[in-house]
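*Asks:* give me a model of this one.
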Amino acid sequence: MTTVTSMPLARASARPALSRLIAVELRKMVDTRAGLWLQLGVVALTVAAVILRSVTGDASDHVFRAELAWALQPAAVLLPVVGILLVTSEWTQRTALATFTLVPQRSRVVVAKLAAGVALSVVALAACLVVAAVATLVADPGVPGTWSLDAGLLGQDAVFVTTSMVMGVAFGAAVLLSAPGIVAYFLLPLGWSVAGMLAPLEGAAKWLDASRSMGDLFDRILSAGDWARVGTTLAVWIALPLLVGAWRILRRDVRV
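*Replies:* Down below sits the predicted model:
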């Protein structure tokens, strides 16, 4: 009898697979009205931006590469907000107690949230490719290289969208409050961009200002030196807040 009763208990106490945790985190992105409407807003803005691009400019602006670069902008701006809310909602909506009761290993929850953010970024990139392809097909610019897309540039597009999303998750983890996290995500990099215009900080800005170090991701294949600057920028704006956020999540008391 002891053996029979202990088996269901053992199964019940088994920790959920990481794939299941990622699926749960993906569902959380649309469970709230804010998350759902943000993602619908990304889709609407992407379509609107591409339509605007298709009816303005000359033929060179309607090639696939140009349409794709334009389509990625709304996702890069708004998806990080979804990442922020994915983390902060655990604390603002008081679901952290249930989450960490079911998954006591808090580090696995952090990893699942990061993986879910990356997965959503890949989906967003695929959607932008489809929208850009349809826009190019409709516009039919008829110029040489209309459908050309360098694999290296596509990889850099993926880096741009993915790191933007992960940066949002990192800021959400570091702040753990929705409104302050969103303000910090937009204000701190913008403030550094403005400060980098000053002569004494211009040299450092080339390494720490995302708008400068990552500004050429859409235009050309980056060199080794360019990637060094990108890596330094990401270390400051992603790795540092993510380490702070992981430390806070692992050590913070959960209250009802």
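*Asks:* from now on I want contacts and neighbour counts done on CA atoms only, so please keep to that.
*Replies:* OK.
*Asks:* for this protein, longest helix please?
*Replies:* helix 106-139 (DSSP state H).
*Asks:* can you name every helix or strand that that helix contacts?
*Replies:* helix 18-31, helix 33-55, helix 64-92, helix 151-175, helix 240-251 (3 or more C-alpha pairs under 8 Å, 6 or more residues apart in numbering; DSSP states H and E).
*Asks:* hey, least reliable of the ones you listed by pLDDT?
*Replies:* Mean pLDDT values for the helices and strands packed on helix 106-139 show the minimum at helix 33-55, a mean of 87.
*Asks:* any idea of the angle it forms with helix 18-31?
*Replies:* Angle, helix 33-55 to helix 18-31, by axes from the mean of the first three to the mean of the last three C-alpha atoms, to 10 degrees: 80 degrees.
*Asks:* and helix 33-55 with helix 64-92, angle?
*Replies:* Interaxial angle, helix 33-55 versus helix 64-92 (the same axes, to 10 degrees): 170 degrees.
*Asks:* circling back to that earlier point, looking at the helices and strands packed on helix 106-139, spot the one closest to residue 130.
*Replies:* helix 64-92 (9.0 Å; C-alpha to C-alpha).
*Asks:* just the C-alphas of the next helix or strand after that closest one, formatted as PDB.
*Replies:* In the C-terminal direction, the helix or strand that comes right after helix 64-92 (DSSP states H and E) is helix 96-102. C-alpha atoms of helix 96-102 as PDB (Å, rounded to 0.1, in the frame of the first residue of the first chain):
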ATOM      1  CA  ALA A  96       4.900  35.300  -7.300                       C
ATOM      2  CA  LEU A  97       3.800  33.200  -4.300                       C
ATOM      3  CA  ALA A  98       1.900  30.700  -6.500                       C
ATOM      4  CA  THR A  99       4.800  30.700  -9.100                       C
ATOM      5  CA  PHE A 100       7.500  30.000  -6.600                       C
ATOM      6  CA  THR A 101       5.400  27.500  -4.600                       C
ATOM      7  CA  LEU A 102       5.000  25.400  -7.800                       C
END
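*Asks:* pull out the buried residues from helix 96-102.
*Replies:* Judged by neighbour count using 16 or more other C-alpha atoms under 10 Å, the buried positions of helix 96-102 are 96-97.
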